[in-house]
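Student: pasting the sequence and the predicted model now:
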Amino acid sequence: MSGNTSKRYPAELKARAVRMYAEIRPDHESDWAAMQKVAQLLGITTAETLRKWIRQVEVDQGARPGVTSEESAEIKRLRRENAELRRANGILKAASAFFAAELDRPGQ
C-alpha cells in the first residue's frame, strides 16, 4: 500500500466523505462515478482513496468480509508487544550467559 492516508486526512473528513457517498450514490450511474464526485468536492486526492475508506466501513459494519479496523489495530499492538518481548528476552539471555560465565571463573 502506498502512503498512509490516515495521516493525511482527518477521521472527520473520512466519515463525512463516506456519508456523502451514501447520500449521492443513487444520483450517479455507478459507485465509481459517485466516489469521483465526492473526492472532487472534498479535495480527496483520488477516488480510490475514498473507495478504500468505504470498503473499510463496510467491513467494520459486517457488510463485507475482511479484517475490521479494531482487529487491525489489535494485530499491530500485539506485533509491537511481541517485538518488545523478543528484545527483552534477548537481553535476558545475554545477561544470563554473562553471569553464568562469571560464576564459572575460578576465584580471583
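Tutor: Great, that's in hand.
Student: how far does stretch 53-73 stretch from one end to the other?
Tutor: 16 Å (C-alpha to C-alpha, to the nearest Å).
Student: what residues sit buried inside it?
Tutor: 53, 54, 56, 57, 59, 60 (16 or more other C-beta atoms under 10 Å). Every residue, glycine included, has its C-beta placed from N, CA and C.
Student: can I get the residues you listed in JSON lines with pLDDT?
Tutor: Shown next, in JSON lines, are the buried residues of stretch 53-73 (pLDDT from 0 to 100):
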{"residue": "53", "pLDDT": "97"}
{"residue": "54", "pLDDT": "97"}
{"residue": "56", "pLDDT": "95"}
{"residue": "57", "pLDDT": "96"}
{"residue": "59", "pLDDT": "95"}
{"residue": "60", "pLDDT": "95"}
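Student: dump those residues into JSON lines; add distance to residue 32 and secondary structure as well.
Tutor: Shown next, in JSON lines, are the buried residues of stretch 53-73 (distance: C-beta to C-beta, whole Å; DSSP: H, G, I helix; E, B strand; the rest coil):
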{"residue": "53", "distance to residue 32": "14", "secondary structure": "helix"}
{"residue": "54", "distance to residue 32": "11", "secondary structure": "helix"}
{"residue": "56", "distance to residue 32": "17", "secondary structure": "helix"}
{"residue": "57", "distance to residue 32": "17", "secondary structure": "helix"}
{"residue": "59", "distance to residue 32": "19", "secondary structure": "helix"}
{"residue": "60", "distance to residue 32": "21", "secondary structure": "helix"}
